[in-house]
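In: Quick one, fold the following:
(4 chains)
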There are 2 protein chains.
Amino acid sequence: MQRDSEKTRQKILAGLERLITREGFTGVGVNAVAREAGVDKVLIYRYFGSMGGLLEGFANEKKLCPRMEDIFDNLPVDAPHHEIATRIVLDHARALQKSPLAQELVCWKLTEQNPLTIAFGKSMEKNGMKALAEMGIIPDEEAVTLVTVLICGLQYLILRGRNNNPMMNIDYSKPETREKVERVISSAIKAFFESREGESEK
Amino acid sequence: MQRDSEKTRQKILAGLERLITREGFTGVGVNAVAREAGVDKVLIYRYFGSMGGLLEGFANEKKLCPRMEDIFDNLPVDAPHHEIATRIVLDHARALQKSPLAQELVCWKLTEQNPLTIAFGKSMEKNGMKALAEMGIIPDEEAVTLVTVLICGLQYLILRGRNNNPMMNIDYSKPETREKVERVISSAIKAFFESREGESEK
DNA sequence: ACCTGGTGTCACCAGTCGGTGATATACAGT
DNA sequence: ACTGTATATCACCGACTGGTGACACCAGGT
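Out: Numbers count the residues shown, from 1 in each chain, chains lettered A, B, ... in the order given. You can find the predicted model right below:
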């Protein structure tokens, strides 16, 4: 029985976040959010207008995906291109693995378009673009393509790992498996860049 | 008002398939399936016991994922390893792209575990294992890892493309984009295999 | 003391969900 | 023609969904 609209708003948003991370996006709904937040559902309509409005508010006021700058800042900018590309791929995967919320949102985005998934997609896109641009490998369109495909592959593997659902015996949550995958990706990227260098020398 | 249990069973299964491909897996449910199949829902319980039973029956009696053998049969077994690996990745992607049902099931499997998604996963796994085994590259564990990651990446891109949802401007449904991706993957795999050959010669 | 506006609580709506019991109907064996 | 059985239809259940109107409460201003 607190009389503080801002606090109530935050309680609702926090409830939504807990609900998504604990039950997955399939469970979200006005009733479930209200229950989780310990709040009457009519307040959701009062403060956010509708379920879509709540998702929009969540997208605006919550940090949806890990900030890539925090990860990439300490990257030596004068490192060889293949090392930078490898770091982009692996750090991206590590960041996703650390955030169950982001994992759920990635999966949600594959299933449905709504204010939250759309905003999340834009946020991810911006992160990725910025990372690539800062690394100075943008001009090489094909390298960007390879990096993107690899990132997608790791994202998929991480999503599969969520429910103890490994693919081809690759359980990315197991450290030794992850290390093997990282080794393979690293050497594949290296080989790709070196083969292109060799080609341009011809 | 036909009195033919087998025909009714098939009507139900066909309705489920239409529903999944048209509305996506989020729409499936006893009522929706019965509506789509033009059948009273009590018949679903009669013939399949429950919703889970229906999914199980669907998994048993329907072709869930494209048969890889049909694709790989005409593959020259004496081709270089990197060509075989590339073919595995690209054919896998093409097969998935051609089957909206399989796409939906892949996405479903990321979200929920039920008799259908479990059976689908096993089927995919078997396909993949067989393909890799027949290609004779199984002994090279790291190559298998790379191939798997790349397949996952393309699967993810295809899922993103489903709802006009490209990632980093990579819309895999556009032929020119797909060709570029295929080119990059091909040369990355080639470079990876060649770098390993060079290494083993040392 | 009174009113006003923001806040929280409760009860309810129509619709859908998965699931079931009772009943009508068509067909096969006699 | 009659009966038995498998098949299909209908009506209903409790629980849940998204959504809304009515009301209780508590604050601050006059």
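In: Give me the helices and strands touching the strand or helix carrying A:Lys126, please.
Out: Using DSSP states H and E, the element containing A:Lys126 is helix A:115-135. Using 3 or more C-beta pairs under 8 Å, 6 or more residues apart in numbering or on different chains; DSSP states H and E, the elements in contact with helix A:115-135 are helix A:51-61, helix A:68-72, helix A:81-98, helix A:100-111, helix A:141-162. The way it works is simple: take the backbone N, C-alpha and C, and place the C-beta from them, glycine included.
In: what does that helix rub up against?
Out: With contact meaning C-beta atoms under 8 Å, 6 or more residues apart in numbering or on different chains, helix A:115-135 is reached by A:52-53, A:55-56, A:58-60, A:64-65, A:67-69, A:72, A:75, A:77, A:84-85, A:88, A:92, A:105-106, A:108-109, A:138, A:144, A:147-148, A:151, B:165, B:167-168.
In: Spell out whether it and DNA strand D are in contact.
Out: No - residues of helix A:115-135 contacting DNA strand D under C-beta under 7 Å from any atom of the strand: none, with a closest distance of 12.9 Å.
In: Using neighbour counts, pick out the buried residues of that helix.
Out: A:115-121, A:123-124, A:127-128, A:131-132, A:134-135 (16 or more other C-beta atoms under 10 Å in any protein chain shown).
In: Pop out the phi and psi values for A:Arg167.
Out: No, residue A:167 isn't Arg; it's Met. phi -120, psi 120 (degrees, to the nearest 10).
In: Could you find the closest non-adjacent residue to it?
Out: Nearest in space to A:Met167, with sequence neighbours left out and distances taken as C-beta to C-beta, 6 or more residues apart in numbering or on different chains, is A:Arg160 at 4.9 Å.
In: cool, A:Glu61 as well?
Out: Counting by C-beta to C-beta, 6+ apart, the residue nearest A:Glu61 is A:Leu13, at 6.2 Å.
In: same check, this time on A:Arg18
Out: That would be A:Glu36: by C-beta to C-beta, 6+ apart, it lies 5.8 Å from A:Arg18.
In: Next, find the distance separating the one you found from A:Gly27.
Out: 9 Å (C-beta to C-beta, to the nearest Å).
In: how many other residues sit next to A:Pro166?
Out: 17 (other C-beta atoms under 10 Å in any protein chain shown).
In: Report the contact partners of it.
Out: A:Arg160, A:Tyr172.
In: With A:Gly53 instead?
Out: A:Pro115.
In: Stretch A:25-36 close to DNA strand D?
Out: Yes - residues of stretch A:25-36 contacting DNA strand D under C-beta under 7 Å from any atom of the strand: A:Gly29, A:Val30, A:Asn31, A:Ala32.
In: what's the residue of chain A found nearest DNA strand D in contact with, if anything?
Out: Closest residue of chain A to DNA strand D, C-beta to the nearest atom of the strand: A:Gly29 (2.2 Å). Counting by C-beta under 8 Å, 6+ apart, A:Gly29 makes contact with A:Met51.
In: That one and A:Arg46: what is the separation?
Out: In terms of C-beta to C-beta, A:Gly29 sits 17 Å off from A:Arg46.
In: rewinding a little: what about the residue nearest to A:Arg18, distance to DNA strand C?
Out: 14 Å (C-beta to the nearest atom of the strand, to the nearest Å).
In: any idea which element that residue lies in?
Out: A:Glu36 belongs to helix A:30-37, assigned by DSSP H and E.
In: okay, that helix in CSV with CA atoms only?
Out: Only the C-alpha atoms of helix A:30-37 are listed here, as CSV (Å, rounded to 0.1, in the frame of the first residue of the first chain):
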residue,chain,number,x,y,z
VAL,A,30,-0.4,-9.0,-18.1
ASN,A,31,-1.6,-11.4,-15.4
ALA,A,32,1.7,-13.2,-15.0
VAL,A,33,3.7,-9.9,-14.8
ALA,A,34,1.3,-8.5,-12.3
ARG,A,35,1.5,-11.6,-10.2
GLU,A,36,5.3,-11.7,-10.3
ALA,A,37,5.5,-8.0,-9.5
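In: care to break chain A down by domain?
Out: If you go by automatic domain parsing, the domain ranges for chain A are A:5-61, A:68-201.
In: For the residue lying closest to A:Ile84 once chain neighbours are set aside, give its distance to A:Gln155.
Out: Counting by C-beta to C-beta, 6+ apart, A:Met135 is the residue found nearest to A:Ile84 once chain neighbours are left out, at 4.8 Å. Counting by C-beta to C-beta, the gap from A:Met135 to A:Gln155 is 19 Å.
In: just A:His81 next, same as before
Out: 22 Å.
In: neighbour-wise, which of these two wins?
Out: Between A:His81 and A:Gln155, A:Gln155 has the larger neighbour count (other C-beta under 10 Å), namely 25 against 18.
In: Tell me who's in contact with that one.
Out: A:Ala93, A:Leu96, A:Val106, B:Tyr156.
In: residue in chain A nearest to chain B?
Out: A:Gly153 (3.3 Å; C-beta to the nearest C-beta).
In: number of nearby residues for that residue?
Out: For A:Gly153, using other C-beta under 10 Å, the count is 26.
In: Show me what from chain A comes close to DNA strand C.
Out: Checking chain A against DNA strand C by C-beta under 7 Å from any atom of the strand, the hits are A:Met1, A:Gln2, A:Arg3, A:Asp4, A:Ser5, A:Lys7, A:Thr8, A:Val39, A:Asp40, A:Val42, A:Leu43, A:Arg46.
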